[in-house]
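Undergrad: okay, here's the prediction I keep looking at, along with the sequence it came from:
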Amino acid sequence: MNQSFSINRWGLLMGKHWSENRKKYTLGVAAIASLMLLWYGFMIIVGEGLSEDIQGPTYFVGLFIIGCIYASLLFGDLADKPKGISYLSVPASHLEKVLCNLFFGVIVFFFVYLAIYYIVTPPMLALSNAVKEARWKTDGGSYPFIKSHLVNVFHFGRGNGEDVFYLFHLGFFAVQATFILGSVYFTRFSFIKTVISVLLIWLFLFLFLAKVLGPMMPDGSYFNGLTNWSLMSDGNAPNKVIMLPKWIESTTTFLFKFGFAPLFWVVTYFRLKEKEI
Amino acid sequence: MISVSNLHFAYKRKPVFTGLSLQLQPGHIYGLLGKNGTGKSTLLRNISGLLFPRQGKIEVLGHNPADRKPAFLEEVFMVPEEFYLPNVKMDELLKYQAKFYPKFSTEQFNRYVKEFDIPTDANMQEMSYGQKKKVLISFGLASNASVLLMDEPTNGLDIMSKSQFRKVMAGALDESKCIVISTHQVKDLENLIDRITIIDEGRILFDQTTENITRKLSFRISFEGDDVTNALYSESSLKGNAIIELNTHEEDSKLDLEMLYKAIVTNKEKINAVFNS
């Protein structure tokens, strides 16, 4: 049998993962749904209701926070010696183990969260509209009553020709992949340590751009992204812009959009291979 | 079957092994003895691929354990001192875990479970530590893995269970298997192991078959002062003086592992000289 990947072995691993975690997952689903209900309930009580401006951010903030917490627990067994020994000793390849965790942590989590959102939101939205309408009637109908509509999270934020929802989702998978990697790297407090590491990396990049690259450039500033540099003009002369070739910009943008998540998944695989307990 | 050559291993700056070499063959139960912290568990974890040698080479059934390939993991089963079993019922444990081991025998597992007197309908988390350990030992034996590594298997077992353990283990060995039992409770392994390896400060202090030991050494109780003076090792007991002496008359005597261990630790030159002559 193939020592790197066997669909049969992977299937066994998925079955094992599900049998051992299904109670935890069921409770998790109930917890997410309850939190969402509580939040919506709170917004209805304080009078905000579930406007489109509440629903969309609720979806994305929940996705990022819950998704990252779950991701930071995905390889949590490795933080516990007995569980880690049991996990690494299962006769399956590292690739199968990583793919199994990614299947549950990335794909299953995303669709389950989406399903919870669309199961919980519509009835709460109907309730919110009913409460709003009742208040409007109580107030004598002196202002126009506008019903809120269910937000399509795949179109949320679409405006000015930019697909913000699309970037948010891509951003989520990249951030989630960082936390998955963190769960293999850090044996304890992986969520907090990943947050600190990411902040430190961003700080380093910021300082590198501002303190190292910036002084090397002629007088001016970044313009419309990081691949254009606008030179300081002297009075009447027209502004000059130094532009890197278009392909560099498009390649960088592509990597930022689609590269991070797979890159961190691959690093997770290699990190798991070299894990010692 | 297991070849350890020139093994160097250290935890950060604390060296554990500095050039340990060892050969283990199928058809034997090896007793790995030593004080706490001498590297018994570390050696087992190196053999099982959970830790990687810093220098030197380990080969198990032609595999490099550090690769943790499925074909290797199917053939090496580890019963760690601190172990984990998922919170599932026994039939579910069999359903999802046994299939990873091609030579797993459910009939054997049921037999061991019966011999160990373990309740079959309880969840793992409802079982006591000792019961769970017996489930893991039964599973390991029924996996029919060629290499069975057991780290302090009798820790946490009551008197009856220790006796059951010895009985089960004695019937489990065949010509294709190599069983390595690490323990500091040497009394538990008497009449079970057929080769004794004592590790101290990362080195092999003593490595002999029990047959060779009883051929060269005699273990008995003596009331004679001369016997005590001439003995390789002696200690007073309620029954008289327990002594180890040269077996010059080829007498049959019962190996007292605990006494042998103490003799080697306190007077290794004298004991080793007997076997090197």
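TA: Structure's in. What do you need?
Undergrad: now do the contacts for the nearest residue to A:Phe5 once chain neighbours are set aside.
TA: The shortest distance from A:Phe5 to any non-neighbouring residue, by CB to CB, 6 or more residues apart in numbering or on different chains, is to A:Leu95 (5.3 Å). C-beta here means a position set from N, CA and C on the backbone, and glycine is covered the same way. Counting by CB atoms under 8 Å, 6 or more residues apart in numbering or on different chains, A:Leu95 makes contact with A:4-5, A:269.
Undergrad: and A:Leu95, helix, strand or coil?
TA: The three-state label given to A:Leu95 by DSSP: H, G, I helix; E, B strand; the rest coil is helix.
Undergrad: how about the contacts of A:Leu95 in a markdown table, adding secondary structure, pLDDT and neighbour count?
TA: Formatted as a markdown table, the contacts of A:Leu95 follow (DSSP: H, G, I helix; E, B strand; the rest coil; pLDDT from 0 to 100; neighbours: other CB atoms under 10 Å in any protein chain shown):
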| residue | secondary structure | pLDDT | neighbour count |
| --- | --- | --- | --- |
| A:Ser4 | coil | 91 | 10 |
| A:Phe5 | coil | 94 | 14 |
| A:Tyr269 | helix | 97 | 18 |
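Undergrad: between those, which is nearest chain B?
TA: Among these, A:Ser4 lies closest to chain B (CB to the nearest CB), at 8.6 Å.
Undergrad: check whether that closest one really touches A:Lys97, as I assumed.
TA: No. With contact defined as CB atoms under 8 Å, A:Ser4 does not reach A:Lys97; the gap is 11.7 Å.
Undergrad: in the one helix or strand B:Thr18 maps to, which residues are buried?
TA: Assigned by DSSP states H and E, B:Thr18 belongs to strand B:14-24. Of the residues in strand B:14-24, B:16-18, B:20, B:22, B:24 count as buried by neighbour count, 16 or more other CB atoms under 10 Å in any protein chain shown.
Undergrad: figure out the helix or strand that the most centrally placed residue in chain B lives in.
TA: For chain B, the residue nearest the mean C-alpha position is B:Ile181 (1.2 Å; CA atoms, centre = their mean). Of the helices and strands defined by DSSP H and E, B:Ile181 is found in strand B:178-183.
Undergrad: ok, residues contacting the following helix or strand past that strand?
TA: For strand B:178-183, the following helix or strand on the C-terminal side (DSSP H and E) is strand B:195-200. With contact meaning CB under 8 Å, 6+ apart, strand B:195-200 is reached by B:20, B:22, B:28-35, B:38-40, B:43, B:204-210, B:213, B:257, B:260-261, B:264-265.
Undergrad: give me the low-pLDDT residue ranges for chain A?
TA: Across chain A, the ranges flagged by pLDDT under 70 are A:156-163, A:234-238.
Undergrad: and the longest helix seen in it, what does it pack onto?
TA: Of all the segments assigned as helix in chain A under DSSP state H, the longest by residue count is helix A:7-45. Contacts defined by 3 or more CB pairs under 8 Å, 6 or more residues apart in numbering or on different chains; DSSP states H and E place helix A:7-45 against helix A:52-73, helix A:94-102, helix A:109-138, helix B:90-97.
Undergrad: stretch B:232-251: which residues count as buried?
TA: By neighbour count with 16+ other CB under 10 Å, stretch B:232-251 contains the buried residues B:232-234, B:241-245, B:247.
Undergrad: next, count neighbours for the residue of the stretch 151-277 of chain B found nearest chain A.
TA: Nearest residue of the stretch 151-277 of chain B to chain A, counting by CB to the nearest CB: B:Asp151, 9.7 Å away. Neighbour count of B:Asp151, defined by other CB atoms under 10 Å in any protein chain shown: 23.
Undergrad: just A:Val106 next, same as before
TA: So A:Val106, with other CB under 10 Å, has 21 neighbours.
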